[in-house]
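**Student:** Take this sequence and fold it.
(chains A and B)
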Amino acid sequence: EVQLVESGGGLVQPGRSLRLSCAASGFSFGDYAMYWVRQAPGKGLEWVSGISWNSVYKVYADSVRGRFTISRDNAGNSLYLQMNSLRVEDTALYFCAKQESNWEFDNWGQGTLVTVSS
Amino acid sequence: QSALTQPASVSGSPGQSITISCTGTSNDVGGYNYVSWYQQHPGKAPKLIIYNVSNRPSGVSNRFSGSKSGNTASLTISGLQPEDEADYYCTSHAGSSTYVFGTGTKVTVL
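**Tutor:** As a prediction, the model looks like this:
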């Protein structure tokens, strides 16, 4: 059974940093691209960042480019999101998601909540 | 990149069929057959219900079906059931490994 478990969320002041992790199990992690998708409280889904299976390709939404960095450790079956210069508008539940071959997200974690507030 | 446009809410009685539209541009929905749909119950993670415009993952009810015409994709739920009450989101590949999500639709079963 595929499992994705996010961690690292919490309350942080504007301008500070936070690092999210996603522990994967139940599939060959190193074979799949992985993404972060977020959902602000009471709002819709927004894709944040993605990384290819071999870390060669990394993509970012305009709203986070230059502030967030995605990375992965295939040996440790883990995905990361380093978030710097956090803003109030980054407050959201952050999901990691496994990308399948037809660009769909077939498995999602339960999310980790990031709250940016002074 | 602007979000795909979905109706904010759609409702129907048990047993009825409803359709949710998802309108984008030729740079996303109209340019690729990589439209997928997700169901999200309150407090839960999204669940994939349609991929590649019209394909259902294993285990998803055949009451869910998808289609696309031009820049608009659609999700139809047939034989509406109480457990179908949830939020639904479309998403499309938008080139260069990027995505665009829909604004979301709240489905209410009357």
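
**Student:** From now on I want contacts and neighbour counts done on CA atoms only, so please keep to that.
**Tutor:** OK.

**Student:** what does the helix or strand harbouring residue A:48 contact?
**Tutor:** Using DSSP states H and E, residue A:48 sits in strand A:45-51. Contacts with strand A:45-51, where a contact means Cα atoms under 8 Å, 6 or more residues apart in numbering or on different chains, come from A:33-39, A:57-61, A:63-64, A:70-72, B:89, B:97-104.

**Student:** near chain B, which residues of chain A?
**Tutor:** A:44-47, A:50, A:59-61, A:95, A:102-111 (Cα under 8 Å from any Cα of the partner chain).

**Student:** and these, which are buried?
**Tutor:** Buried members of the residues of chain A next to chain B, counted by 16 or more other Cα atoms under 10 Å in any protein chain shown: A:44-47, A:50, A:59-61, A:95, A:103-111.

**Student:** ok, now which ones touch residue A:118?
**Tutor:** Residue A:118 neighbours (Cα under 8 Å, 6+ apart): A:12-14.

**Student:** That one in helix, strand or coil?
**Tutor:** Following DSSP: H, G, I helix; E, B strand; the rest coil, the label given to residue A:118 is coil.

**Student:** Local confidence estimate at it?
**Tutor:** Confidence at residue A:118, expressed as pLDDT, is 95.

**Student:** and it, how far is that from residue A:43?
**Tutor:** From residue A:118 across to residue A:43, the span is 21 Å (Cα to Cα, to the nearest Å).

**Student:** Might one say that residue A:21 is in contact with residue A:36?
**Tutor:** No: between residue A:21 and residue A:36 there is no contact under Cα atoms under 8 Å: 10.3 Å.

**Student:** Once you drop chain neighbours, what's closest to the closest residue to chain B within chain A?
**Tutor:** Closest approach between chain A and chain B, counting by Cα to the nearest Cα: residue A:110, at 5.3 Å. Excluding the flanking residues, the one nearest residue A:110 by Cα to Cα, 6 or more residues apart in numbering or on different chains is residue B:45, at 5.3 Å.

**Student:** mind listing what that neighbour touches?
**Tutor:** A:95, A:108-111.

**Student:** from the residues you listed, which is closest to residue A:8?
**Tutor:** Checking those against residue A:8 with Cα to Cα, the nearest one is residue A:111 at 10.1 Å.

**Student:** Now the closest one. Nearest residue, chain neighbours left out?
**Tutor:** Spatial nearest neighbour of residue A:111, excluding adjacent residues (Cα to Cα, 6+ apart): residue A:95 at 4.3 Å.

**Student:** Next: residue B:75.
**Tutor:** Leaving out its chain neighbours, the residue that sits closest to residue B:75 by Cα to Cα, 6+ apart is residue B:66, at 4.6 Å.

**Student:** Tell me the residues of chain B that contact chain A?
**Tutor:** So chain B meets chain A at B:34-36, B:44-48, B:51-52, B:89, B:93, B:97-104 (Cα under 8 Å from any Cα).
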